[in-house]
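**Student:** just a sequence and a predicted model for now, questions to come.
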Amino acid sequence: MRMIVKTTGDRTLEEVEEEPPGRADDPARRLFADTPQADWDNWKWHFRNRITTVDELARYIPLSSRERTRLKLVTRKFPLSITPYYLSLICPHDPDDPIRRQAVPSILEVTMGSVGSEDPLEEKRDSVVPGLVHRYPDRVLMVLTDICPMLCRHCTRKREWHKGGWVRTPEEIDNMLVYIRRHETVRDVIISGGDPLTLSTSHLEYIISRLRVIEHVEIIRIGTRFPVVLPQRIDDELCAMLSRHGPIWLNTHFNHEREITPEAAAACDRLLRSGVPVNNQSVLLKGINDTVEAQLRLCHGLLRIKVRPYYLFQCDEVQGTEHLRTPVEVGVKIIEGMRGHTSGLAVPTFVIDLPEGGGKVPMQPDYVLAQTASELTVRNYKGRVIRFRNPGASTEQEHPESADSPVAVPVPAMTTETRRSARQGGARHEDRVSVRS
Ligand code: SF4
């Protein structure tokens, strides 16, 4: 924030103005000051001029010779790629800058590299034809390329980075389409990568238009980080193409409020005006967004640009990411600090994606203190304990006086034993009782 002093006639007005996020007075941005605006606005210019070596990076961010040596060691295993746009958001003199930590390699990627696995979600196991993952009955994942404009240090698909960049061949695409056509349970196709928007708009249209004519495919979703790392890609040509083939949903990946720049906001606005709803899937990252305050600022910022905070992912157990992972309890505490304290629209669902292809499981604070067949004892976001009559388990005839709405009553403190027996009581009726927290 900065204070602006304006003079109007004989009055001086002091206004606090939100500084546009991501436009701090940083030397890195100034290094691109000579770039013509036409180039800066052109996503292909950014793509061609990605920073991919440590020596190039050192032109923008001060790195000691020791740091250079270490980073070169890391990039042999896990390469580096940062768009000029995303680099311009980094505060180069702050090694803990939350933008920098998502983009610039860390020696911890290799020194802690033995923890985790290459493919924790076992996507390879669920591949039905090359590039097509079919894990759930009604949806499939099309992995079209392994190329991304930026290589995020916490990426789940880090294992693909050293392969040097591939795009599915027309024959592979056709095989995926044949499979989808033959499986009528598939109503939802997720187009992913790498980042699928690295493909040209015409190539994407070739694929999307063929999906669109498959009758049982109801919706198409695109997973992309372009609105965050290179928002210039969301141009009029792309938006016009997407609007021709809707319904198309777009899931993107903002992790920090400083990524919500005027450029990113304009990109999301173009998508929304083209009839493409935008949801956000962030990843919980140590030292980057692992506090209630950071998540509130991120999610409030997203709502201001009409992007829905959808998922907050526990960072997957991928080799080279351990230094960015938090205990699961951190995520649960964050949700607890948000739920009730702000609009439910601003609270994402915190999930872990289970190893061995187990799928996503929501992790929530435990609000149910005790449960019997006829009643739940629940705490609210302020810690107030309230009893809630369970209407599915008691009848008006049995308890005519309890037909009113649930009433808050003081309850005595419960012992561990009482809780256990209450829970067991609930479990006996599990076919009739469904509890949602
Ligand atoms: S954009 Fe997604 S797939 Fe690409 S490097 Fe970042 S996290 Fe990985």
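**Tutor:** Received it, and whenever you're ready, just let me know what you need.

**Student:** you'd agree Trp45 is in a strand?
**Tutor:** No - judged by DSSP: H, G, I helix; E, B strand; the rest coil, Trp45 forms no part of a strand; its state is helix.

**Student:** what residues does the stretch 51-200 of the chain have near the ligand?
**Tutor:** Taking Cβ under 6 Å from any ligand atom as the measure of proximity, the stretch 51-200 of the chain contacts the ligand at 148, 151-152, 155, 157, 193-195. C-betas here are computed from N, CA, C, even on glycine.

**Student:** let's see if you can find the most crowded of these.
**Tutor:** When neighbours are counted by other Cβ atoms under 10 Å, Cys148 leads those with 26 neighbours.

**Student:** my guess is it contacts Pro196, does it?
**Tutor:** No - counting by Cβ atoms under 8 Å, Cys148 does not reach Pro196; the two are 9.9 Å apart.

**Student:** poorly predicted segments of the chain, please.
**Tutor:** When the per-residue scores of the chain are filtered using pLDDT under 70, the ranges that remain are 1-30, 113-125, 393-437.

**Student:** what about 90?
**Tutor:** Judged against pLDDT under 90, the low-scoring parts of the chain cover residues 1-34, 92-93, 111-127, 135-136, 157-165, 193, 355-359, 392-437.

**Student:** hang on, Arg212 packs against Ile220?
**Tutor:** Yes - counting by Cβ under 8 Å, a contact exists between Arg212 and Ile220, whose distance comes to 7.3 Å.

**Student:** which one of these two is surrounded by more residues?
**Tutor:** Under the criterion of other Cβ under 10 Å, the comparison of Arg212 against Ile220 puts Ile220 first, with 21 against 17.

**Student:** mind checking the SS state of that one?
**Tutor:** When the structure is reduced to helix, strand and coil (three-state DSSP), Ile220 reads as strand.

**Student:** distance of it from the ligand?
**Tutor:** 18 Å (Cβ to the nearest ligand atom, to the nearest Å).

**Student:** wait, isn't that residue in contact with Ile208?
**Tutor:** Yes - the criterion here is Cβ under 8 Å, and Ile220 meets it with Ile208 at 6.2 Å.

**Student:** show me what contacts the closest residue to the ligand within the stretch 1-150 of the chain?
**Tutor:** Of the stretch 1-150 of the chain, the residue with the smallest distance to the ligand, taken as Cβ to the nearest ligand atom, is Cys148 at 3.2 Å. Neighbour list for Cys148: 81, 155, 193-195, 198, 225 [criterion: Cβ atoms under 8 Å, 6 or more residues apart in numbering].

**Student:** same question for Leu296.
**Tutor:** For Leu296, the residues meeting the contact criterion (Cβ under 8 Å, 6+ apart) are 338, 341-342, 346.

**Student:** endpoints of stretch 84-99, how far apart?
**Tutor:** One end of stretch 84-99 to the other measures 13 Å (Cα to Cα, to the nearest Å).

**Student:** which residues sit against that stretch?
**Tutor:** In this structure, residues lying in contact with stretch 84-99 by Cβ under 8 Å, 6+ apart are 22, 24, 26-29, 32, 35, 40, 46, 49-51, 60-62, 100, 103-104, 150, 228-232, 255-256, 258-259, 261, 263, 287-289, 294.

**Student:** quick check: buried residues in it?
**Tutor:** Across stretch 84-99, burial judged by 16 or more other Cβ atoms under 10 Å covers 84-92, 97-99.

**Student:** out of the residues you listed, which are inside helices?
**Tutor:** Residues from the buried residues of stretch 84-99 lying in helices, with DSSP state H as the criterion: 84-87.

**Student:** re earlier: quick check: neighbours shared by Ile220 and Ile208?
**Tutor:** 191, 245, 248.

**Student:** which one of those sits closest to the ligand?
**Tutor:** Using Cβ to the nearest ligand atom, Ile191 is the member of these that sits closest to the ligand, with 12.4 Å.

**Student:** which SS class is that closest one?
**Tutor:** Under three-state DSSP, Ile191 falls in the strand class.

**Student:** who's it bridged to?
**Tutor:** Using DSSP bridges, the bridge partners assigned to Ile191 are Met142, Ile222.
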